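> I would like the atomic coordinates for the input below:
(chains A and B)
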Amino acid sequence: MHAQRRPEELLPLREEALWLLLALHEGAAHGYALMQAIEQQTEGRVAIQTGALYRFLHRLEDDGAIEEIPAPAAETDQRRRYYRITRFGRAVAAAELARMRELLDMGVAAGVLRIRGADA
Amino acid sequence: MHRAEGEGRARRVFRALLFVYPEAFRARHGAAMTATFIDAWRNRRRGRGAASLFWARAVADVMTEGLAERVAARRRPVSGPSPGASRGGMRWLRELVQDARGGVRALQKDPAFTVVAVFTLALGIGAPTAVFSVISHVLLRELPFGDPDALVFVEWRTGTGGLSPSGADVAQMRESLSTLERVAFISELGEASLIGSEDPEDVAYARVTADFFDVLQVEPAAGRTFTDDEGLLPAEGDDAVSAPAPVVISHSLWLRRFGGGAVLGASMHINGRPSTIIGVLPEAFRAPVRLESRLGAEPEVWLPMRVALSGLARTDRLRDQDTDDTGVAIGRLAAGIDVERARAELDRLAPLLGLPLDARASVMRVADSLNRTSRPILLALFGAVALVLVMACSNVAGLLITRGAGRRHEMVVRQAIGASRARVIRQVLTESAVLAIAGALLGVLLAHTAGSLLFRVTTSTFSNDGQPVLDLRVLTFTIGVTVVATFLSGTLPALMAARTTAAQVLRSDRGVAGGRSAHTLRTALTVSQIALVVVLLGAAGLVLQSVRQLERAHPGFVAEDAVSFDLALVYADRYRGPAERAAFLAALEERLLHLPGVTSAGATGGLPLSGRDFVQPYAVGRDLPDSDNPLRANFRVITPGYLPAIGTRIVLGRNFTPADDRQDRRVVIVDEALARRLARDGQVVSRVITLPLDGQWERAQVIGVAEQVKFDDLRTVGRETVYVPYRHEASRRLSVVVRGRTPHAELAGALREELRAMDPRLMPHNVQRLTGYVAAQVVPVRDASMLLSLFGLAALLLSAVGLYGTVSAGVAQQHREIGIRMALGAQPSSVITSLLRTGLAWAAIGIAAGTGLMLLAGRMLRALLYDIAPHDPATLAASAAIVTVAVLAAIVIPARRAAHVDPCISLHGD
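Numbering: from 1, shown residues only, chains lettered A, B, ... in the order given. Presented below is the predicted three-dimensional model:
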């Protein structure tokens, strides 16, 4: 079902959803690891709480962007659940980044934004 | 281990919070969410403030996201990313501030609503805060001892009552118990005259084992406590050593008599005996004695016991040892031992101590024991204020829903311009949080006043020690209540707001009150309020009636116009044997009778309602009692003057005379209960019973029957009682009753004089009116009934206001409908009737639900009830009637307004 959908249908992504996809791009992870990864990556600017996190995971899973996988053998806490990004999910993230790049280019072209170093 | 406990609690709390999410969501993600949360919890920042912040964020997150998920799940588009808000650090805070500002602004625009809501919440939050401040002060107070949870009282229970441990029991416990690390003993509590450099005064004192303060783990504020050898000095007696006795004094006595200055080594005379002060106790120290103990005041002087514990045997009625040396035993549980194990070991010890065969050990934590009477009362009150809180919140919820209905356009516009549902929910919740915080501020002020008032009127019940304060614990509680109030009052309105769609608004029925669903919700809230009011009023009614019954109950004696005092005939030079003590009492009564206004005087081993208990086996006829399962009766030794003095009537036969002291012809008086047993097979007077007297089994003839007396408490019917002439069981500790119309203070002064004249060493202590013993039983229940009535009335008022609001809103909403009906010829009276009919239907449902709740809640009240069933139909009917009247009153005003609707105007509105 998901395979027939185009990644663009999910755009624009909520910022948190994108962060989650990017974090999962680096490898499968469980909930708390994702929370930490996002907090580290954004230097604390984005901190997702448990309640919100699972609503995002729920949606992304329903949309086929991520999927649950069995926990690695080394996992001691049976309750933790691991997610990994799907091929579709990668496409969604890429599409969203492409959209952002497009916006960025427009901004630079219009002179709203100057890219540091480009002036020098 | 501690950590695991905390983690378990965090897990449970979080799981409970998850119920905000829809069931399907919870089933799918609940376990993983909990695991993630626990991961976060393990790595949370430590420290007091950080912990609160962590939980605040967690609760806010789950509440808003869960509610948003519920709304989203209801009409979820097939696909599409629409999870609600998730906030990163500063953004979260920024939006919160934004919402709060918006909330305050919106509330400012609607002052009438705001004032009503804030006052309602102030009551709802203030009342629990006030009651909690007393609970915190009385029940949760840290006892002023080291590791207080390990301290236990040890005593014995038989089938018919309690038995205090004797010094010898304690000596044996120390020797053979492994579950109790140490055992201390209070051998004497009394009043002593204290003479130092200042005026003499009477102070309460306690005599304790030398290790008493070590067992309690109390460090003195100055000086030291007793050393072991100080407990081994020669016994006091007629020719006791004159070496000064070491004493430890209380902080208050130190301030009062020594101005808080140098005091160690100072000497004073206690009951005429020289003493040296060796230590001062810390200010917070309080004696671990129960309030119902004989002593009215906190001991201020502590003396070491100077005889060997093993010498203090229980008065054994079968072998009169001429001693009565029981007291209070306080043990410290060994590490890792619980109360149950200590009790089991003591049970095994009991047979070695010569106790009655059915004696069992009773081990009770000091902390629990001190609160035995106040706990059920406070918990019942707490239940009541919890209901008041729920009422207040449901009222405010009703107000918010009505208000929200008028703001539906605003909500739809907000959603249309991109606010997520979670954001809308948060905005409404923030508004109710603003209301709750304002209410809490006002409520804390209220609680501050009410709490000390509450405490003052109930001092006798709880503790006479200090004042409840709004400390950190109470304020933390208030914050918790505020959070609860926010969600209780805001959740439904928030859901309503988030569920609103543009389409609904466009096709909505017009009118200020808005949607039908809002009205349905308000009706449901109103009905549940009626139910809660029925419960509160019912509880108040039951307790009020208990007070009336208690005050009316005849205790078997006449408490008015009589004064009693306690006396200890402990000096071996004068009161060695029963004959000497009986002679002294006869002389004392003679002198007392000559006092102006005194009509009778007499002495007993223990007054009714004084907490003293003397239960012994006996048998009807000449045979010895069945050794396994004997009949047991309450034994009271009395002088001939006692029954007339206390006002217990002789219903059959005669009273004792001095001639009944003869050893060769024993006589007793029995009470009506025992007389009924005797009457089953023959007459009562002149029957013989066998009982332990003067150290052996004796046969005694019944010469009279006295009316039944409530010895234990006013609630329970007294058990069978045998009155024995004092001479035959001459206890050293006794109470004297003096009946006369002389003013109390005058009488008290006069009898002190008389006693001093007879023996200056004797101090009458616990001088009080007999009514005091009765009041001690009635006052707590009366206080509780007063408070419950107050809460009941507050709840009634709240529900009436809520009902009025609901009906008004309903009327406003049906304006058009009513207009049409009246245009078609309906009479105003029929409009009123139809509204009243609806209101009465609500009342009926509410009353039915409330009655059901009352039947469940009645058990909580049992401790406060006397001679009335928790489901008393008359009381339930009365509270239902009051509620019905209030419902009618709250409906009539808006109904009359509706009846005067002018069809032209209302239809013109279109």
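> look up the closest residue to the residue nearest the centre of chain A, ignoring the ones flanking it.
The residue lying closest to the centre of chain A (C-alpha atoms, centre = their mean) is A:Leu21, at 2.2 Å. With sequence-adjacent residues excluded and distances taken as C-beta to C-beta, 6 or more residues apart in numbering or on different chains, A:Leu21 is closest to A:Ala93, at 4.1 Å. Glycine gets a C-beta too; all of them are placed from N, C-alpha and C.
> can you classify that neighbour by secondary structure?
Under DSSP: H, G, I helix; E, B strand; the rest coil, A:Ala93 falls in the helix class.
> would you mind measuring from it to chain B?
13 Å (C-beta to the nearest C-beta, to the nearest Å).
> contact partners for that residue?
By C-beta atoms under 8 Å, 6 or more residues apart in numbering or on different chains, the contact set of A:Ala93 is A:13, A:18, A:21-22, A:25, A:85.
> test for you: state the pLDDT assigned to it.
Per-residue confidence (pLDDT) for A:Ala93: 94.
> repeat that for the one 10 residues further on.
At A:Leu103, the model reports a pLDDT of 90.
> can you pull the contacts of it?
If you count contacts by C-beta under 8 Å, 6+ apart, A:Leu103 has none.
> phi, psi for it please.
With angles defined as degrees, to the nearest 10, A:Leu103 sits at phi -60, psi -40.
> again with the one 4 residues further on
Here the main-chain torsion angles of A:Gly107 (degrees, to the nearest 10) amount to phi -60, psi -40.
> likewise B:Asn766?
Per degrees, to the nearest 10, the backbone of B:Asn766 is at phi 60, psi 40.
> again with A:Asp77
When read as degrees, to the nearest 10, the backbone of A:Asp77 gives phi -90, psi 110.
> which residues touch it?
By C-beta under 8 Å, 6+ apart, A:Asp77 lies in contact with B:Ala35.
> go again using 6 Å as the cut-off
By C-beta atoms under 6 Å, 6 or more residues apart in numbering or on different chains, A:Asp77 lies in contact with nothing.
> for the one 5 residues further on, same thing?
Residues near A:Tyr82 by C-beta under 6 Å, 6+ apart: A:28, A:30, A:69, A:71.
> any chance of a ChimeraX selection covering the buried ones in those residues?
The ChimeraX selection below is limited to those of those classed as buried (16 or more other C-beta atoms under 10 Å in any protein chain shown):
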select /A:28,30,71
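> and the contacts of A:Tyr82, which is closest to B:Val547?
Nearest to B:Val547, judged by C-beta to C-beta, of the contacts of A:Tyr82 is A:His30 at 61.2 Å.
> from chain B, how far off is the closest one?
Look at A:His30 and chain B: by C-beta to the nearest C-beta, they are 7 Å apart.
> go through the contacts of A:Tyr82 and name the one nearest B:Leu751.
Closest approach to B:Leu751 among the contacts of A:Tyr82 (C-beta to C-beta): A:His30, at 81.5 Å.
> does the closest one have beta-bridge partners, and which?
Following DSSP bridges, A:His30 is listed with bridge partners A:Tyr82.
> give me the pLDDT value at it.
92.
> go ahead and confirm it touches A:Arg80.
Yes. Using C-beta atoms under 6 Å, A:His30 makes contact with A:Arg80 at a distance of 4.2 Å.
> rewinding a little: quick one, phi/psi of the residue nearest to the centre of chain A?
Per-residue torsions, A:Leu21: phi -60, psi -40 (degrees, to the nearest 10).
> tell me which element the residue in the stretch 351-500 of chain B that chain A sits nearest to falls in.
For the stretch 351-500 of chain B and chain A, the shortest gap (C-beta to the nearest C-beta) falls at B:Ala422, measuring 8.3 Å. For B:Ala422, the host element (DSSP states H and E) is helix B:421-457.
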